[in-house]
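**Student:** the following comprises the amino acid sequence and a computationally predicted model.
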Amino acid sequence: MKTLIHYAAGIIFSLCLMVTLLITSVEAVVYWTPGYFEKEYAKYNVTEAVDMTMEDLLDVTDQMMAYLRGKRADLHVDTTMGGVSREFFNEREIAHMEDVRGLFLDALAIRRGCLLLMALCIIILFLLKTDFKRVFPKSVCLGTGLFFGITAILAAIISTDFSKYFIMFHHIFFRNDLWILDPATDMLINIVPEGFFSDTVLHIGITFFLCVVIVFGLALFFLRKSKKNNV
């Protein structure tokens with residue numbers, strides 16, 4: 001029974017770590033990657049689509065991203081488009097982005113919860129006087145492999161028809177149709193076209209994959225080292 005608790009705590013720790021790394025991968029791509037939005041905007045000719053300078057467009061983007069993190073109270077952003085001063089987002093877009101911010105802040109809250117649960121698992125393992133060198137690497141390998149296997153299958157499915165699953169994502173996570181925008185009247189869909197989202201998902205996937213490889217590799221290294229020491 002005690003051994004079961006040891007492995008259960010280790011696997012829960014690793015699953016929470018995977019969730020933490022996944023959410024952090026999202027944050028790393030859209031917040032920490034230098035020049036990411038500028039490169040994507042140039043790739044999809046966004047400045048021409050909205051008739052703005054890159055400088056003004058990036059300023060609007062900075063305000064939008066600050067809003068998603070809860071560091072800006074509202075999304076009423078004034079800018080210049082086609083030489084005319086105007087508010088960038090309309091009321092429909094603002095309402096949709098309020099929903100998006102809710103999802104983003106929920107994800108950050110989930111990450112904090114996972115970190116607390118990870119700390120609790122470590123405390124439990126210490127209190128039970130677990131042999132960390134033997135139990136912990138093995139349970140981390142199991143949990144990491146399980147989570148990555150599931151996400152890899154989902155990624156393979158999504159890659160067969162990104163548009164289909166992109167729409168499905170919105171139906172699952174949004175309770176209204178505010179996400180259905182018109183390129184003729186809604187600027188948001190013009191600055192982040194579907195190609196932008198597919199690129200971003202790919203970058204997030206690569207970042208997450210590299211993180212998983214590092215974690216799994218370290219766990220496997222310590223597991224093999226532990227086995228050699230016990231021989």
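**Tutor:** Looks like it arrived, so ask away. Numbers count the residues shown, from 1 in each chain.

**Student:** list the residues that contact the closest residue to Phe136 other than its chain neighbours.
**Tutor:** Counting by Cβ to Cβ, 6 or more residues apart in numbering, Phe136 lies nearest to Gly10, which is 5.4 Å off, once chain neighbours are set aside. For every residue, glycine as well, the C-beta is placed using N, CA and C. Residues near Gly10 by Cβ atoms under 8 Å, 6 or more residues apart in numbering: Cys121, Leu125, Val135, Phe136, Lys138, Ser139, Val140, Leu142, Gly143.

**Student:** the fifth one: which element?
**Tutor:** When secondary structure is defined using DSSP states H and E, the element that contains Lys138 is helix 132-159.

**Student:** helices or strands up against the helix or strand following that helix?
**Tutor:** Downstream of helix 132-159, the next assigned helix or strand under DSSP H and E is helix 162-173. Helix 162-173 sits against helix 194-230, with contacts defined as 3 or more Cβ pairs under 8 Å, 6 or more residues apart in numbering; DSSP states H and E.

**Student:** any idea how far the residue nearest to Phe136 is from Gly70?
**Tutor:** According to Cβ to Cβ, to the nearest Å, Gly10 and Gly70 sit 33 Å apart.

**Student:** now do Leu105
**Tutor:** The value you get for Leu105 to Gly70, if Cβ to Cβ is used, is 6 Å.

**Student:** disregarding residues adjacent in the polypeptide, which is nearest to the residue positioned nearest the centre of the chain?
**Tutor:** Nearest to the mean C-alpha position of the chain, counting by Cα atoms, centre = their mean, stands Val26 at 2.7 Å. What sits nearest to Val26 in space, not counting adjacent residues and going by Cβ to Cβ, 6+ apart, is Ile204, at 5.4 Å.

**Student:** residue contacts, the one you found?
**Tutor:** Leu22, Ser25, Val26, Val29.

**Student:** cool, and Leu57?
**Tutor:** So Leu57 contacts Tyr41, Val46, Thr47, Val50, Ile191 (Cβ under 8 Å, 6+ apart).
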